[in-house]
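Peer 1: How does the following fold in three dimensions:
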Amino acid sequence: MSQFVAQKMTSFMERASWIRKMFEEGMRLKKLHGPENVFDFSLGNPDIAPPAGFFQALERIAIDRQAGVHAYMPNAGILTVRQRISEKVSEDHAVQLGADDVIMTCGAAGGLNIIFKAILNPGDEVITPCPYFVEYGFYVDNHGGKLVPVATKEDFSLDLGLLAAAITPATKAVLINSPNNPTGALYLEEEIVALAGVLKEASKRIGHPIVLVMDEPYRRLVFDGQLVPPVLKHYENSVVATSFSKDISIPGERIGYVAVNPDMPGKAVFLGAMTLANRILGFVNAPALMQRVVEQVAGQSVDVSIYQRRRDMFANILNEAGYEFTMPKGAFYFFPKSPVPDDARFAGILAQELILAVPGRGFGMAGYFRLAFCVPEAVIERAKGGFKRAMKLAREDQ
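Peer 2: This next block holds a predicted model:
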C-alpha cells in the first residue's frame, strides 16, 4: 500500500471496486477469448450514435473562427445557452424558469457536486432510495456529508414510510434518480406529489427546509409511451441535475446543467453558492464548445425504440432462463434477483459463461445484479445460452 495515499481513498477504492473489477475481468476475458465471444453488460456506456442534429450542430459550430469562441465565460455558462435550457426545463417541469435559474455543468456529476458543495455542512445527511448509483456516496462525502440509503419497495418504487422515518434534524437533502440506475424504475407523479408532502411536513418539524435533488440523465429514455413527471412543479425547494450523456449519447463530452426551482426561497444565494462552487471545485465552467452544441439540440434524443426493443428481447431471454426481475420502465438496465444469496458469487458464475454483470452490492443492494443493455442486439441474443447455463449451475449448486 502506498504510504502517501489517504486512508479514506484507500477505503473508497475498495468500496468502488465492483464495476472496476468487472471491467478488468472483461479485459482479461476479451484478450483470452476474443472480444466477440465476451458478453459485456457491465457498463452503462451508450453504444447508439448521437442523433444527426448533434453532428450537424457540432460541424456548424466547430468552423466558427471568431475570437473568443473558446474563451472563458461566466462560471454559470453562456447566457444564450442557459436561456434555451431554461425554456426546455420549463416545458419538462411545468414551471417558468429564466436563464439565471440554470447553471451549465461538467455533466450531471459536476452538477451534483456543486449542489452538495453549496448546501452541506459537515455531518449533514442526504437520503437516497436504495439501490443507488454508487458515486452518490462519494459525491456527498466530497463535501462533508453522509449518504443515508433507504430501502425501496419490492418493485423499487419509493417507500415513503421508510423515507419519512429516516429524516432527522441532520437531513439536508433527499436525492432521487428517475428513471433509475440500476433498476430502470420510474417514479410516478403521485409518488412525487406524496414525497413533496412528506418533505414539506418534515421541513416544518425539523425547523429547516429539505432540498429535493432530482438526478435525471435518463429523462428521455422511457418506454411504453410513459413520461417522466415534473418535480419542480410539486416542491419549491427542488433542484434538477442532469446531463446530455445518455439521451443524445455523448457521455465523454461531460456537459450537463443544474436547474433551480424559480420559487425556491433564498434562490439567489443558492445559485450564487453553486456558481462559486463550479469555479472553486476546478470545473471553472462547462466546456464552451459543447455548451453551444447543446443549445441547438436541447430536447432531442436517440431513437428510444432501439433501447425498448433490446429491453424486450432481454426480458424474454431472462424469463425463459428463470430469472426474477422487475421490468424496467426507463434507462437501459435490468436489476434481476441473484438465484443464489451471494450476488458476487453469481457474477462469477456468469463470468464463467463469459457474461459480465455487476453485483448488486456495488449499488448498495446485495442479492441482485445489474445488466446494462446499451449493447448491440446480437450480443444480447448470443448470451442467451450462457444465461440458461448459469441459472442451471446456480440451482445445482444450492
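Peer 1: The nearest residue to K329 once chain neighbours are set aside and V193, how far apart?
Peer 2: Distances taken as C-beta to C-beta, 6 or more residues apart in numbering place L186 nearest to K329, at 3.9 Å, with adjacent residues excluded. Bear in mind the C-beta positions are built from the backbone N, C-alpha and C, glycine included. With distances taken as C-beta to C-beta, to the nearest Å, L186 is found 15 Å from V193.
Peer 1: wait, what's in contact with the residue nearest to K329?
Peer 2: With contact set as C-beta atoms under 8 Å, 6 or more residues apart in numbering, L186 has these partners: S178, P179, N180, V222, Q226, V228, K329, G330.
Peer 1: ok, how many other residues are close to Q300?
Peer 2: Other residues near Q300 come to 17 when the count uses other C-beta atoms under 10 Å.
Peer 1: related to what we said a few turns ago, for the contacts of L186, which one is nearest G137?
Peer 2: Nearest to G137 among the contacts of L186 is N180, at 16.0 Å by C-beta to C-beta.
Peer 1: I'd guessed that closest one sits against F332; true?
Peer 2: No - here N180 does not reach F332: they are 11.3 Å apart, not a contact under C-beta atoms under 8 Å.
Peer 1: shared neighbours of those two, anything?
Peer 2: Y218.
Peer 1: domain assignment for this protein?
Peer 2: Using automatic domain parsing, the domains assigned to the chain come out as 7-50+303-396, 52-297.
Peer 1: now these in JSON lines, with mean pLDDT?
Peer 2: JSON lines is the format used below for the domains of the chain (pLDDT from 0 to 100):
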{"stretch": "domain 7-50+303-396", "mean pLDDT": "92"}
{"stretch": "domain 52-297", "mean pLDDT": "97"}
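Peer 1: that older thread, buried only: go through the contacts of L186 for me.
Peer 2: Buried subset of these (neighbour count, 16 or more other C-beta atoms under 10 Å): S178, P179, N180, V222, V228, K329, G330.
Peer 1: Who are the contact partners of G77?
Peer 2: Applying C-beta under 8 Å, 6+ apart, the residues contacting G77 are V102, I103, M104, Y257, N285, A286, Q291.
Peer 1: I figured the fifth one hits V81, correct?
Peer 2: Just to be clear, that refers to N285. No - using C-beta under 8 Å, N285 makes no contact with V81, being 10.8 Å away.
Peer 1: what touches both of those two?
Peer 2: Common neighbours of N285 and V81, using C-beta under 8 Å, 6+ apart, are M104.
Peer 1: More neighbours: which of the two?
Peer 2: V81 (26 against 20).
Peer 1: got a list of contacts for whichever strand or helix holds that one?
Peer 2: For V81, the element it lies in under DSSP states H and E is helix 79-93. Residues outside helix 79-93 that contact it (C-beta under 8 Å, 6+ apart) are 76, 96-104, 219, 228, 230-233, 240, 257, 259, 291-292, 294-295, 298-299.
Peer 1: can you check stretch 349-359 too?
Peer 2: Stretch 349-359 has contacts (C-beta under 8 Å, 6+ apart) with 18-19, 22, 25-26, 29, 33, 37-42, 182, 338, 340, 343-344, 346-347, 366, 368-371, 383, 385-387, 389-390, 393-394, 397.
Peer 1: Among the residues you listed, which ones are in strands?
Peer 2: Residues of the contacts of stretch 349-359 located in strands (DSSP state E): F39, D40, F369, R370, L371.
Peer 1: What about those residues, which one has the most neighbours?
Peer 2: Ranking the ones in strands among the contacts of stretch 349-359 using other C-beta under 10 Å puts F369 first, with 30 neighbours.
Peer 1: What number of residues are in the vicinity of the closest residue to that one other than its chain neighbours?
Peer 2: Excluding the flanking residues, the one nearest F369 by C-beta to C-beta, 6+ apart is A357, at 4.6 Å. By other C-beta under 10 Å, the residues close to A357 number 26.
Peer 1: ok, G367 - contacts?
Peer 2: For G367, the contact set (C-beta under 8 Å, 6+ apart) comprises K337, S338, P341, D343, G360.
Peer 1: gap between the third one and Y307?
Peer 2: Distance check for P341 against Y307: by C-beta to C-beta, it reads 31 Å.
Peer 1: Of the contacts of helix 79-93, grab the buried ones for ChimeraX.
Peer 2: To isolate the buried subset of the contacts of helix 79-93 in ChimeraX, counting by 16+ other C-beta under 10 Å, use the following:
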select :76,97,99,100,101,102,103,104,219,228,230,231,232,233,240,257,259,291,292,294,295,298
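Peer 1: Alright, calling it a day.
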